[in-house]
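K.L.:
I'll drop the sequence and a predicted model, then ask my questions.
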Amino acid sequence: MLMNIFTTTKTCFNTMNPLFKLPTHTELAVCLLREELKMSRFFTDLYNLGLENHSPHQLDLAPIIFACLGLQGSDAMFERYVELLAHHTEVVHLTNESLAKEALAFCTALVVFKNSG
């Protein structure tokens, strides 16, 4: 019985033929950008209702997203990130399709900016 557990465990962690696919760095970045857009939209809507926009509960996913995409944390890159976040937050609708579309467009714009500089 003990040998069977080790054999099963070895099969589950076989790197040549894994049982599930881990996301690539780009897929992870798009997923994080989706969450960033949802949070930004939520806190923007609260601000529009007259509530404080600087909450300690608002996460900053930019450093993780930058790491996933291999971006440098320069001032120019961060300024562009904030501009893109504001733009995509305005146009996103909180549907899965809209979030996916805007997150992918956001990611693409960041990569294009990285490659242009």
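P.N.:
Perfect, I can see it now.
K.L.:
Nearest residue to Leu94 in space, ignoring adjacent ones along the chain?
P.N.:
In this structure, Leu94 finds its nearest non-sequential neighbour in Arg41, 6.5 Å apart by C-beta to C-beta, 6 or more residues apart in numbering. (Each C-beta comes from the backbone N, C-alpha and C, glycine too.)
K.L.:
tally of neighbours for the one you found?
P.N.:
With neighbours defined by other C-beta atoms under 10 Å, the count for Arg41 comes to 18.
K.L.:
With Ala103 as the reference, measure out to it.
P.N.:
12 Å (C-beta to C-beta, to the nearest Å).
K.L.:
same for the strand or helix carrying the residue nearest to Leu94, what does it pack against?
P.N.:
Secondary structure from DSSP states H and E places Arg41 in helix 25-48. Contacts defined by 3 or more C-beta pairs under 8 Å, 6 or more residues apart in numbering; DSSP states H and E place helix 25-48 against helix 62-69, helix 75-91, helix 96-116.
K.L.:
tell me the angle of the last one relative to helix 62-69?
P.N.:
Between helix 96-116 and helix 62-69, the angle formed by their directions is 70 degrees, by axes from the mean of the first three to the mean of the last three C-alpha atoms, to 10 degrees.
K.L.:
Fine by me, thanks again.
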